[in-house]
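In: Let me see the structure of the following:
(chains A and B)
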There are 2 protein chains.
Amino acid sequence: MSPEEFRRQGHAVVDWIADYHSRVESFPVLSRVQPGEIRSQLPPGAPEQGEAFDQILGDIERVILPGITHWQSPNFYAYFPANASGPAILGDLVSSGLGVQGMLWSTSPACTELETHVLDWLVPMLGLPEKFLSTSSGGGVIQDTASSASLCALLAARERTTQFVSNRKGCDGRLVAYCSTQTHSSIEKAMKIAGMGSDDLRHIEVDKNFAMRPEALARHVERDIKAGLIPCFVCATVGTTSSNAIDPVREIARICRDHNLWLHVDSAMSGTAALCPEFRFINDGVEFADSYTFNPHKWMFTNFDCNCFYVADRKHLIQTLSILPEYLRNQGTESGAVIDYRDWHIQLGRRFRSLKLWFVIRYYGIEGLRHHIREHVRLAQQFVAWVRDDSRFELAAPAQLNLVCFRLRSGDHANQLLMDRLNRSGDLYLTHTKLDGKFTLRLCVGQTNTQARHVERAWQRIQQETGKLGNS
Amino acid sequence: MSPEEFRRQGHAVVDWIADYHSRVESFPVLSRVQPGEIRSQLPPGAPEQGEAFDQILGDIERVILPGITHWQSPNFYAYFPANASGPAILGDLVSSGLGVQGMLWSTSPACTELETHVLDWLVPMLGLPEKFLSTSSGGGVIQDTASSASLCALLAARERTTQFVSNRKGCDGRLVAYCSTQTHSSIEKAMKIAGMGSDDLRHIEVDKNFAMRPEALARHVERDIKAGLIPCFVCATVGTTSSNAIDPVREIARICRDHNLWLHVDSAMSGTAALCPEFRFINDGVEFADSYTFNPHKWMFTNFDCNCFYVADRKHLIQTLSILPEYLRNQGTESGAVIDYRDWHIQLGRRFRSLKLWFVIRYYGIEGLRHHIREHVRLAQQFVAWVRDDSRFELAAPAQLNLVCFRLRSGDHANQLLMDRLNRSGDLYLTHTKLDGKFTLRLCVGQTNTQARHVERAWQRIQQETGKLGNS
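Out: Have a look, this model is predicted:
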């Protein structure tokens, strides 16, 4: 494709995306296709001869669009959002257009240095501790997802604890890690991947607000030590996936210090809220963390994938993941004056992801980002008030930020039915969890373009369908 | 950013990329900046107020471009390429614009089904065994990089061997894996990550062509069994990073069958060559592999990141990596009629990466892809002939496809000097390895727009600088 054809077709794709965003509210949020329906429209084999670009783009509209669940709809309240924005999409486009692979500083110095710089910007923006700055002992890196970041944290903890012996000798079944019963499943997955075994992950009890009970953590750690095991790693969550619960990081940190455990803080969803001084209470105790992660691709208007991962002492991470075969040796690396991010994650190759984050931060400015976060929290709190005022419903957990967990008092079946009907209507999309053993609806306000009218309409539709349930 | 502003600024970004590709040959291929030079031009803190988009885009030209090593220059011969193309960039743009997160089938059925479909297309396109089809026992998935894919292969092997006990109990230090002395460093990294330990990775000796010696593999396996260890996994490489050596997969497979070892085939770079019947010899024996991986982001014109990973029996992979917390339960998953790709890799979240691969395959057609691959191989073979005809040089390894390993006969110092001078000139970029203990230059022809004139010019410049060396 010549640059001139790229220009022409690129304009067409940009126009298609602009139009898509203009009409995104007209689609059912949750795709209505049946399993296999999209595949059945695709030819069984690849074409021998090339096809016209117009035809390919036309198939996006014709074949792909019905199979899309519209994460960028302002009526998307499911899971946690993966919000995006114009500047992010265009920053990502520049990344694709440049096509650099930033495994080493030398394979594109700008790719490494912009990343370091933007991740340093975020430290004071979010009120994170200075030790996470690249100019201090630590530093930040962009990873794909919090799953990968947490795996890296666990590996660095494993190696720090075993004095880098596990890397060479393998695990010996004595290391133990801790999280709460509410911690994201990625920690259990990381335990399996790291060869530490899911049986050696302790799921610590939570209090009535679904936050980890530090005294229970201390008890488990001491019991494991007595049993001859080696406690190694704790994951504290600031904003759990089920209910946005906030673990007491400061108290957990004290236990970690007492026993020399690596403290990882997973703030994947909620971390962005710390942009606003009034929400910065979520960072209480984070100054004691060995590692910290949050996802700009969830709530900072930066399209998936973009996870930020910080460590307090970069040498543990690098020593854990470093590999230097001859074919990667180069003067930059040998000078010791540069960062080679390939030593900071699982993969070797890497995209120029900091561009999209840089575009977002500059386009909105810190004030612009705060404005959107505040509005999302305000709308969620408005929704909380509506739920409180309707005696058919109850709140299932404290809603401190932008996630509301609520349910009908009339039991699991009614809640499941309500959710299915709402989602089938296409008017909005929300998902569920279980809290206290009960089926609970989750409504998360976080899509970039969600406004008051969308949340008002969501509540109306919930009330309507609830009314019909009573008669069914 | 409103859809209308997105349209306007999107056109500007597309124009900038089209212009960039038009003038990419005018830049020094390897960036000339010094460590810290890019950062020093960036303001110390993020802006409080938003900035105009024009200004941000202007900084790409002013600040970022000098720090780019131009992977999309036709004069890029370093490492392995990460080649891109117009249709890939635009497919990726559609993915960013839709902004879906395809962790589950239900979170965008098209994201899952197009991926399954395109990966099924590739099986006959590349002459891979039918067991890799989703309609058979296996299936394919798009991952970010071959490092991640090989890690997943190793984990599935670990679990199959231990009957899924390691996932629960952790590793016990008895599992052993095998690769050659030439295998990519990602396998050693995977051994560390997986808790199996790098000491239990055997680097099997190679023959004069740098291919694994199967009799040496058999000897090591038998020795380990006698020592009470448990052989588990072999990585055979089709096209090693250093020299593009091809391990004898068929003979290795026989040893794997005898001892029930998982056979993983890493064809990250060379796999694409199998599009052409005349190069399909590289797949000899792949029909016995338990898993296979290659990178469309290296040589199939699909911008980074895009790795294809196939397994012969998907249940081992899924059982190894599956996690199902309540908040991810949904009707699609419970129907058993769909694929949830989150169980096929390390991460939970995932981009809609198949779009760019679909765009590339359709835009070029199989014939168009073959044309480019053949041309790259032809140009590399032409280069081989020139090296052979110049008595100052020697070939350091067989060049069967598009990588040429060569060196001056006058020793390491001269070769290092030659490479540094060529790279500093900005006219081309190549990197090195060590073969038989000697510093060796690598020239890989794989950038999408590399034509005869570029390779001719590269050889001219090599000869010129070599001439000057003689006088220095």
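In: who's in contact with A:Phe279?
Out: Each residue near A:Phe279 by CB atoms under 8 Å, 6 or more residues apart in numbering or on different chains is listed here: A:273, A:373, A:377, A:401. Just so you know, the C-beta spots here come from the backbone N, C-alpha and C atoms, and that holds for glycine as well.
In: Backbone dihedrals for the nearest residue to A:Val238 once chain neighbours are set aside, both of them.
Out: Closest residue to A:Val238 apart from its sequence neighbours, by CB to CB, 6 or more residues apart in numbering or on different chains: A:Ser267 at 4.0 Å. A:Ser267 adopts backbone torsions of phi -120, psi 40, taken as degrees, to the nearest 10.
In: what's the spacing between A:Ser267 and B:Val206?
Out: As defined by CB to CB, to the nearest Å, A:Ser267 lies at a distance of 47 Å from B:Val206.
In: do the same with A:Asn402
Out: From A:Asn402 to B:Val206 the distance is 57 Å (CB to CB).
In: right, quick check: stretch A:183-192 against chain B, any contact?
Out: Yes - for stretch A:183-192, a contact with chain B is found by CB under 8 Å from any CB of the partner chain, at A:184-186, A:188-189, A:192.
In: Comparing A:Ser267 and B:Val206, which residue is more hemmed in?
Out: A:Ser267 (28 against 19; other CB atoms under 10 Å in any protein chain shown).
In: That one: what's it in contact with?
Out: A:237-239, A:274, A:282, A:286, A:292-294.
In: Same list (those) but as a markdown table, adding secondary structure and neighbour count.
Out: Formatted as a markdown table, those follow (DSSP: H, G, I helix; E, B strand; the rest coil; neighbours: other CB atoms under 10 Å in any protein chain shown):
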| residue | secondary structure | neighbour count |
| --- | --- | --- |
| A:Thr237 | strand | 28 |
| A:Val238 | strand | 28 |
| A:Gly239 | coil | 26 |
| A:Ala274 | helix | 22 |
| A:Ile282 | helix | 23 |
| A:Val286 | helix | 25 |
| A:Tyr292 | strand | 31 |
| A:Thr293 | strand | 27 |
| A:Phe294 | strand | 29 |
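In: a markdown table please, covering the residues you listed and showing distance to A:Glu159.
Out: Formatted as a markdown table, the contacts of A:Ser267 follow (distance: CB to CB, whole Å):
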| residue | distance to A:Glu159 |
| --- | --- |
| A:Thr237 | 23 |
| A:Val238 | 25 |
| A:Gly239 | 28 |
| A:Ala274 | 29 |
| A:Ile282 | 29 |
| A:Val286 | 22 |
| A:Tyr292 | 18 |
| A:Thr293 | 18 |
| A:Phe294 | 23 |
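In: Identify the farthest-apart pair in these.
Out: Greatest spacing in the contacts of A:Ser267, by CB to CB: A:Thr237 and A:Ala274 (14.5 Å).
In: show me where pLDDT drops low in the stretch 351-472 of chain A?
Out: For the stretch 351-472 of chain A, residues meeting the criterion pLDDT under 70 lie at A:471-472.
In: where exactly do the helices run in it?
Out: Assigned helices in the stretch 351-472 of chain A, in chain order: A:354-389, A:412-425, A:452-471 (criterion: DSSP state H, counting those that start in this stretch).
In: Wait, a strand at A:Ala177?
Out: Yes - under DSSP: H, G, I helix; E, B strand; the rest coil, A:Ala177 sits within a strand.
In: Please report how far it lies from chain B.
Out: 11 Å (CB to the nearest CB, to the nearest Å).
In: Would you agree that residue is in contact with A:Met191?
Out: Yes - judged on CB atoms under 8 Å, A:Ala177 makes contact with A:Met191 at a distance of 6.1 Å.
In: Need the residues touching each of those two.
Out: Joint contacts of A:Ala177 and A:Met191 (CB under 8 Å, 6+ apart) are A:154, A:200-201.
In: Scan these and report the most crowded one.
Out: A:Leu154 (28 neighbours).
In: Throw the shared contacts of A:Ala177 and A:Met191 into a markdown table and include distance to B:Pro325 and secondary structure, thanks.
Out: Below are these laid out as a markdown table (distance: CB to CB, whole Å; DSSP: H, G, I helix; E, B strand; the rest coil):
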| residue | distance to B:Pro325 | secondary structure |
| --- | --- | --- |
| A:Leu154 | 18 | helix |
| A:Asp200 | 19 | helix |
| A:Leu201 | 14 | strand |
